[in-house]
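Q: next input, structure requested:
(one chain, ligands or ions: 2)
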Amino acid sequence: MEKVDHAFVDEIVKAGADRIRTCIQCGTCSSVCPSGRRTAFRTRELIRKALLGLKEEVLSSPNLWLCATCHTCLERCPRQIKVTDAIIIMRNMAAEKGFMLPEHRRASMKLLETGHAVPINTANREKRVSLGLDEVPPTVHSHKDALDDLKTIMERTGFKDLIEKQEAEK
Ligand code: SF4
Ligand code: SF4
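A: Numbers count the residues shown, from 1 in each chain. Ligands and ions are numbered 1, 2, ... in the order given. Predicted coordinates for the structure are as follows:
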């Protein structure tokens, strides 16, 4: 049986989701969640488990990665809990512990390499040209200096090491 970690919610609060303890389990977050309509992900359940201190279960669950970070729950929560922030905080903890879906790891690798989680492809390049636009958008795709800056940020924040470590361990 999983050990209950009462400090888990303290960590979440400290990281910025300061009202999470005021959750009344009303279920509004689950009822408005677009992801929950299509998957087994239940926002209310996630918050409940976090409050109960089920850290290992929450952080290792693939469901944690099914939130689309649309912020609808955050806007609708009657207790004004920063639900989306809490989920991102828990994802950061999960990533630190080596839990991350392969899709997110791949997107992160693309970000490290190109500066975009989804870099432009040939079809979109051709579409832009056919519309009279530059072949690539005015992002890191067309500004190498900005890409270098971004890579520096990813190195200095530890993001690069984190993702490369995950990639090596997969
Ligand atoms: S909407 Fe807010 S108060 Fe209601 S269950 Fe979700 S987090 Fe808790
Ligand atoms: S932010 Fe995430 S949990 Fe909240 S409603 Fe959107 S998809 Fe659901």
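
Q: give the helix, strand or coil label for residue 107.
A: helix (DSSP: H, G, I helix; E, B strand; the rest coil).

Q: please name the residues that touch it.
A: 117, 118 (C-beta atoms under 8 Å, 6 or more residues apart in numbering). All C-beta spots, glycine's among them, are computed from the backbone N, C-alpha and C.

Q: does residue 5 touch residue 50 like I think?
A: No. The pair residue 5 / residue 50 is not scored as a contact, 10.1 Å apart, by C-beta atoms under 8 Å.

Q: comparing those two, which residue is more hemmed in?
A: Each of residue 5 and residue 50 has its neighbours counted (other C-beta atoms under 10 Å); residue 50 has more, 24 against 15.

Q: isn't that one up against residue 86?
A: Yes. Between residue 50 and residue 86 there is a contact under C-beta under 8 Å: 7.0 Å.

Q: identify the contacts common to the two.
A: 12, 20.

Q: and the contacts of stretch 27-44?
A: 25-26, 45, 47, 63, 66-68, 70, 72-73, 76-78, 83, 87.

Q: nearest to residue 110, of those residues?
A: Set against residue 110, the nearest of the contacts of stretch 27-44 by C-beta to C-beta is residue 68 (18.5 Å).

Q: show me what contacts that closest one?
A: Shown in contact with residue 68 (C-beta under 8 Å, 6+ apart): 34, 35.

Q: so is it in a helix, a strand, or just coil?
A: coil.

Q: and it, how close does it get to residue 104?
A: Going from residue 68 to residue 104 by C-beta to C-beta, to the nearest Å gives 12 Å.

Q: do residue 159 as well
A: 12 Å.

Q: same question for residue 75.
A: 24 Å.

Q: and the two? which has more neighbours close in?
A: residue 104 (16 against 11).

Q: which among the contacts of stretch 27-44 count as buried?
A: 45, 47, 63, 66, 67, 72, 73, 77, 83, 87 (16 or more other C-beta atoms under 10 Å).

Q: nearest to ligand 1 among those residues?
A: When those are ranked by distance to ligand 1 (C-beta to the nearest ligand atom), residue 77 comes first, at 3.3 Å.
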